[in-house]
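Please find the sequence and the predicted model below.
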Amino acid sequence: MVQQREPQVEIAEGDGGVVARLSGPWTTHHAAQLDALIDKTFAASKKGRIEFDLSGVSALDTVGAWLLARRRSAGETGRDVAIAGASAAHATLLEHVNAVEPHQPVQKQRLPRLLRPFDRLGRMTVGALGDVVSIHAVLGRTLAAAGSTLALRAPFRFAAVVNQFDLIALRAVPIVMLISIVVGAIITQQSILQLNNFGVAIYVVDLAAILMLREVGLLLAAIMVAGRSGSAITAELGSMRMREELDALSVIGVDPYQVLILPRMFALLIGLPFLAFIGALSGLAGAAVVALIYGGIPIDVFLDRLQDALNMRTLMVGLIKAPVMALIIGLVAANEGFKVAGSSESLGRHTTASVVRAIFLVIVADGLFAMFFAAIGV
């Protein structure tokens, strides 16, 4: 006997109503046809009893059962709907589907227009507090990994640190030098134009020295590292998160913080002071060239004045801030990388957030350091 491949319904007059004899497969694949056949059955009898005879149904799944149950409980006024001829399996499925109470879809209520900015502000505040907690969690796990290394319970991956130092610091030297030279030249050129009005153009040397060593050299290096290496760290960790490589490391007993985060943190802590120093020297080189061209200050005079203006305290102020900024960049990058979900959209969003938040926090930290050093007279 050839099995029927399409669902059908045969409607016949019965006592006080109609009998609809169903046949064929009543399954998901034929959902649109099933809905039309049930509508045809109800249209054939405007009132009275309707009996669905399932003795000819070859297959019934949840969708077919739900379509029958939906019209059975749809509140048809004055209609008596019955099911007959169902096999034991079909009757059990229909019983389970009928037991599910119908409900209206939940509609999201929109806030009044005046309250929406406060709602967004509240969500942003909660998100920021959550980020603070998660960043501290990353810091704690990193310190625990460092403690294990210092206690000789875990190996120090010197090769990984050297590789990360090359990627983070050494390969960033050309771009940091270039941008520092340009910024140093611009600052000096604008300063000379103003100082010439007072006949004290020589003081541009003091200005350039203090700015480049205390503030600008470090800030430029930190911003470049956040945009270049911070985003790379987030993208690397995020892609490993997407491919479940971090879970695989944990399964085989390897701490991801020990293998992935600690070498990058060490490289950042060593590399950012190095880049800040290189950037400050490059900015002073650009300042010396512009001072010669615009201010008529010879190189030897510039160097003599620079020697008088600089001291070890000015140099150390910039270098002391560098490890803190490196730690901020590393923590933000790692935290955003671990937050990546399983889509490329999430990876791009968290990589962007890593750069923006790291640069923002670096600038805030620099401002706090400036107020602290001013308060203690340094």
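Happy to help now that I have it. Numbering: from 1, shown residues only.

Within the helices and strands, which one has residue 139?
Secondary structure from DSSP states H and E places residue 139 in helix 116-150.

typed the wrong thing, it's residue 22
Per DSSP H and E: residue 22 is located in strand 17-26.

which residues make contact with that strand from outside it?
For strand 17-26, contacts defined as C-beta atoms under 8 Å, 6 or more residues apart in numbering pick out 4-13, 30, 34, 37, 41, 44-45, 48-61, 64-65, 67-68, 80. Where you see a C-beta, it was placed from the backbone N, CA and C, and this is true even at glycine.

Run me through the strand neighbours of it, direction for each.
strand 8-14 (antiparallel), strand 48-60 (parallel) (DSSP bridges).

Any of the contacts of strand 17-26 buried? List them.
7, 9, 11, 30, 34, 37, 41, 45, 50-54, 57, 60, 64-65, 67-68 (16 or more other C-beta atoms under 10 Å).

follow-up on the earlier one: and the helix holding residue 139, what does it pack against?
Counting contacts by 3 or more C-beta pairs under 8 Å, 6 or more residues apart in numbering; DSSP states H and E, helix 116-150 is packed against helix 262-294, helix 312-338.

Got phi/psi on residue 310?
The phi/psi pair for residue 310 (degrees, to the nearest 10) reads phi -90, psi 150.

any idea how far it lies from residue 295?
19 Å (C-beta to C-beta, to the nearest Å).

Next: residue 314.
Look at residue 314 and residue 295: by C-beta to C-beta, they are 22 Å apart.

Neighbour count: the two, which is higher?
Neighbours were counted for residue 314 and for residue 295 using other C-beta atoms under 10 Å; residue 295 has more, 22 against 16.

I figured residue 55 hits residue 83, correct?
No: using C-beta atoms under 8 Å, residue 55 is not in contact with residue 83, being 10.8 Å away.

immediately after the strand holding residue 22, which helix or strand?
Sequence order places helix 31-44 as the next helix or strand after strand 17-26, per DSSP H and E.

List of residues touching that following helix?
So helix 31-44 is in contact with 6-9, 11, 18, 20, 22, 26, 50, 52, 63-64, 67-68, 71, 76, 79, going by C-beta under 8 Å, 6+ apart.

pLDDT of that helix, averaged?
On average, the pLDDT along helix 31-44 is 79.

Extract the CA atoms of that helix and return them as PDB.
The C-alpha atoms that make up helix 31-44 are tabulated as PDB, following Å, rounded to 0.1, in the frame of the first residue of the first chain:
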ATOM      1  CA  ALA A  31       1.800  23.300   8.500                       C
ATOM      2  CA  ALA A  32       0.300  25.800   6.000                       C
ATOM      3  CA  GLN A  33      -1.900  23.200   4.400                       C
ATOM      4  CA  LEU A  34      -3.000  21.900   7.700                       C
ATOM      5  CA  ASP A  35      -4.200  25.300   8.800                       C
ATOM      6  CA  ALA A  36      -6.100  25.800   5.600                       C
ATOM      7  CA  LEU A  37      -7.800  22.300   5.900                       C
ATOM      8  CA  ILE A  38      -8.900  23.100   9.500                       C
ATOM      9  CA  ASP A  39     -10.300  26.500   8.400                       C
ATOM     10  CA  LYS A  40     -12.100  24.600   5.600                       C
ATOM     11  CA  THR A  41     -13.700  22.300   8.100                       C
ATOM     12  CA  PHE A  42     -14.900  25.100  10.300                       C
ATOM     13  CA  ALA A  43     -16.300  26.900   7.300                       C
ATOM     14  CA  ALA A  44     -18.300  23.800   6.200                       C
END
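
Buried residues in it, which are they?
Applying 16+ other C-beta under 10 Å to helix 31-44 flags 31, 33-34, 37-38, 41-42 as buried.

Please dump these into a markdown table; it should also carry distance to residue 262 for every row.
Converted to a markdown table, the buried residues of helix 31-44 look like this (distance: C-beta to C-beta, whole Å):
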| residue | distance to residue 262 |
| --- | --- |
| 31 | 55 |
| 33 | 62 |
| 34 | 60 |
| 37 | 66 |
| 38 | 65 |
| 41 | 70 |
| 42 | 70 |
